[in-house]
Structure formats: structure tokens, C-alpha cells
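# test case, fold it:
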Amino acid sequence: MTTTDPNEISQLQNTLIESFQQISSIEQMGLCQRLGILSKAEQQQVYKMAKALIEDKQLPITMSDWHGLRDWIMMLRDRYQHQMELQCVHTFSNDMDRISHFEEVQRLSQLLEEYAQAHEDLSELLLALKKLRNEWKNRKRDVENIVLSILSSSSRNNNEYRLIKITKSNVISLGLGLGSIGKYYVLFEPFIVDEKRKEILNHVARDFSMVFQENATQNLARMADSYHRIFHQDDHANITEDIQKLSMKVYISRPRSILLPYPSGLPTPSTSQDGTFIERRKSIIIASEDEPMLFNMSKPYFEPAGWDWPHIIKQKKRGRTQSGSYYWCHSSQQDTLYQQNIWSTSLSRLADHFAKIGQEYYANMLNNARLMHSHRTHMFEFATHSLLKTYHALQLEQGCANLNRTLISLHQLQQDL
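Modelled structure (predicted):
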């Protein structure tokens, strides 16, 4: 052996210490345990060697000691290389590439953490929507009051229909049952034809729709404010694509044993046309010039369908009161109108129809939110799994490169001592 500059020897010794600090680090030992590179006994041997070198500053003395340490490091290096071959991990030529890839992992990890927080908000939003849907099951009284207000203030009220409250004194003359007492009814004038009756109620439906939409907008605005992180995901839209790009740099080929199967609903770098993650197109808010739609929801349609009308507009046979009068007819008209039936609409029944539509609106919104939640859960699990596996592959490649450098330092130090 030859003796050289003490400073050079000290530098080589420090390099060897740094190498063993990385070999015995928590991250590398955890990787060795996870991949089965080292047994527990071999891990204990690593800690002993690292302690002797790092804390006690002990170097091999005899040639046999040097060869034993070199052979042990070569054995560990070969095991690392074997795992890299199994996982098809790319070998990097310089530390700049490694540092760049680890920085990208850190950036993507931060984005995933922010995404996870928004995902938690979405879980809470599901509960809020469920509560709102359930509240509509008990909103019939409120809906009735709104419909009553619309009918009472309508300009049509004077000459096309009458809005009356059923009492004991008029229930028989109107051909209604005793169960109608205390309820409000729309009674159409005899000259109003069927299409006109439907037009009147459709007008009420449109007025109610405006009230409903105003209330829905307020509800959704509160949700957007409370769960704002859900509604601002554009910066994270291509996170899955970025992870896939990183994994393609780290792996020579994408082994099925390492990454989860790629979800069919997520884009790949080769198929993505606009360079953004499909989450953008599945966004909770769809921006439009008029107003946003939450969960791709369009406005509810309250106007009754053709099959709803027989249930909403009823024909009742008149009944004569003890006084022989009718609810709005003049005495000269009584004999003629006695032969005619009454067309009426129960305000309660009409309110039931509106309440059902409103409940279905929030129920569909809740269902869409659940689909979004499921989609995001799948994306988050896939992205997290892929990024973690890519990070482990980078650790494996870094550990192998460090072992190669350790062999070089060990050889140089042995020659210089």
C-alpha cells in the first residue's frame, strides 16, 4: 500500500462514511425489508458496520477485512441490481437526473395532498346534499305556501279560476269529500277549456320554477363557498398524467407487477388530446355564460307531463246545498250549470308534484356527486399507488448507484492507505 496526502485520505473516508449513512438509512433499510433484499440478521450486520465506520471511525485493518467488506457491498449491490432488472427500473447516468426526479415526486406529493383535502371536502359535500335531499321530503307545507302565494297574486285569478278554501258549507256543492275541508282548491270557470286549464297551471309551474331556482342557487352558492377547494381543481387536472410521465422516465417498461392496472376512465399521455386530465371534463362546475351548473345538473322541469294531468286536474260532480245555490253562479244560471261538472285542482296535490320534482332534483344531484366521489377516489388511489411505487423505484436506483460509488471509494481508500 502507498501513503498519499492525508487530506485526500480524509476526504475518501468521509465519502465512505456518507455512503454508509445512506446504505443504513431508514429509507434504504425499509426498502430492503419491503423487497426482501436483506434478512433481519443482515440488516443488523449493516447497522453494526455503519456504527463502526461512522461513530467509531474504524476502517478495515487486514487485507481479509478489506476483501470481506468489499464482497459484502458487492453482494448487496448485486441484489439491488437484480431487483432493478425485475422491476425494469432505468439506470440514471448522473445525480442531476436523480435529484430532478425526486423533486418531481415531492411536487406531485404536495399536489396529491391538496387533492386529498379537496376529496375530503367532497365527502362532506355528499353529506350536505343528502341532508338537503332529505329536507325536501318534509317541505310540502313550504311548497304549498309558495304555490298559494303564486295563485293568489296571479292576474288570471279574477276571470279564469277561483282559489278557495274548502269549508263545511261549500264542500258538498263543490262535489268534494269531507277530507278536503281546510284545504285550498283551484276551481276553474266553466268556460275554461282543458288546454286553457293546463296553460294556467303550467304558468304556475314556471313561476314556482323561478322561486325554486333562486333557492337552489343560494344553496349551491353556500356549498361552493363552504367547499371551495372542490371547485378549484384546474391546477391539478393533469396530476395523473404527470405521474405517468414520471413513471415512464423511471421505468424502462411499465411492469404490471409494479403499478396498478390503468383505469379505463383516465387518459394516458398517448391518448390525451388536450393535455389535461379528464377530471377537467368531469368537473363539478360546468362553466357557462349564463350560470354554472353543479354536477352537470340542468334546471328541473316543473310543468306536469301528459300522464300527470289526470292526477292533477279532477272533474267533480256538483252537489246542491240546502239553499240550492252554487259557489259562484248567479241564480239565473243555476239550472243550466247544475248539469255541468266542476274542474278543479287540489293545491295540495299540485304542491306534491312540485315537491317531488324538487326532491328528485337534489336526489339526482346527490347521485351525480356520488359518481364524482367514486371517480375521484379511484383516481386518487391510482395516483397515490403509482407515485409511491415510482418513488420506491427511484430509491432502489439511488441505492444501487450509491453502492457502486461505495465500491469505488473503498477501492481508492484501500490503495491509498
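# is residue 187 located within a strand, as I assumed?
Yes: residue state for residue 187 (DSSP: H, G, I helix; E, B strand; the rest coil) corresponds to a strand.
# hang on, isn't it packed against residue 346?
No: using C-beta atoms under 8 Å, residue 187 is not in contact with residue 346; the gap is 10.6 Å. Any C-beta I mention is one placed from the backbone N, CA and C, and that applies to glycine too.
# overlap in contacts of these two?
Both residue 187 and residue 346 lack any common contact, where contact means C-beta atoms under 8 Å, 6 or more residues apart in numbering.
# helices along the stretch 251-400 of the chain, start to end?
Here the stretch 251-400 of the chain has its helices, by DSSP state H, counting those that start in this stretch, at 309-312, 334-337, 347-416.
# just the mean pLDDT for the longest one, thanks.
Right, the one you point to is helix 347-416. Helix 347-416 shows an average pLDDT of 88 in the prediction.
# off-centre distance for it?
The chain centre lies 11 Å from the centre of helix 347-416; the measure is C-alpha atoms, centre = their mean, to the nearest Å.
# now do the first one
For helix 309-312, the gap between its own C-alpha mean and the chain's C-alpha mean amounts to 40 Å (C-alpha atoms, centre = their mean).
# so which other helices or strands are in contact with that helix?
helix 347-416 (3 or more C-beta pairs under 8 Å, 6 or more residues apart in numbering; DSSP states H and E).
# quick check: residue 412 touching residue 13?
No: using C-beta under 8 Å, residue 412 makes no contact with residue 13, being 10.4 Å away.
# so, low pLDDT: which residues of the stretch 51-200 of the chain?
Where the stretch 51-200 of the chain drops to pLDDT under 70, the residues are 155-158.
# ok, now the stretch 201-350 of the chain?
Using pLDDT under 70, the stretch 201-350 of the chain drops low at 225-237, 254-296, 318-340.
# what's the neighbour count on residue 361?
Taking other C-beta atoms under 10 Å as the criterion, the count of residues near residue 361 is 22.
# returning to what we had before: list residues touching both of residue 412 and residue 13?
With C-beta under 8 Å, 6+ apart, residue 412 and residue 13 have no common neighbours.
# residue boundaries of the strands in this structure?
For the chain, the strands defined by DSSP state E cover 161-165, 184-188, 285-286, 293-294, 313-317, 341-346.
# tell me which of those strands sits nearest to residue 370.
strand 293-294 (13.7 Å; C-beta to C-beta).
# tell me the centre residue of this protein?
residue 373 (3.6 Å; C-alpha atoms, centre = their mean).
# residue 123 is in contact with that residue, correct?
Yes: at 6.7 Å, residue 373 and residue 123 qualify as touching, with contact defined as C-beta under 8 Å.
# check contacts around residue 154.
203-204, 207.
# between the residues you listed, which is nearest residue 41?
Once C-beta to C-beta is applied, the member of the contacts of residue 154 that ends up nearest residue 41 is residue 207, at 81.3 Å.
# can you count the residues close to that closest one?
18.
# what sits against the closest residue to it other than its chain neighbours?
Spatial nearest neighbour of residue 207, excluding adjacent residues (C-beta to C-beta, 6 or more residues apart in numbering): residue 150 at 4.7 Å. Counting by C-beta under 8 Å, 6+ apart, residue 150 makes contact with 204, 207-208, 211.
# how far away is the closest residue in space to residue 54 that isn't next to it in sequence from residue 35?
Leaving aside its sequence neighbours, residue 54 sits nearest to residue 17 (C-beta to C-beta, 6+ apart; 5.3 Å). Distance of residue 17 to residue 35, given as C-beta to C-beta, to the nearest Å: 25 Å.
# got a list of what residue 383 touches?
So residue 383 contacts 112, 115, 239-240, 243 (C-beta under 8 Å, 6+ apart).
# hmm, 6 Å instead?
240, 243 (C-beta atoms under 6 Å, 6 or more residues apart in numbering).
# what's the spacing between the closest residue to residue 101 other than its chain neighbours and residue 405?
Among residues not flanking residue 101 along the chain, residue 394 sits closest, at 5.6 Å (C-beta to C-beta, 6+ apart). Counting by C-beta to C-beta, the separation of residue 394 from residue 405 is 16 Å.
# ditto for residue 203
Counting by C-beta to C-beta - residue 203 and residue 405 are separated by 83 Å.
# ok, residue 67 - how many residues close by?
12.
# same question for residue 46.
18.
# and it, what's its pLDDT?
pLDDT at residue 46 comes out at 90.
# hang on, it packs against residue 26?
No: between residue 46 and residue 26 there is no contact under C-beta atoms under 6 Å: 11.9 Å.
# what is the neighbour count of the residue nearest to residue 34 when sequence neighbours are not counted?
Leaving aside its sequence neighbours, residue 34 sits nearest to residue 392 (C-beta to C-beta, 6+ apart; 7.4 Å). Neighbourhood size, residue 392 [other C-beta under 10 Å]: 20.
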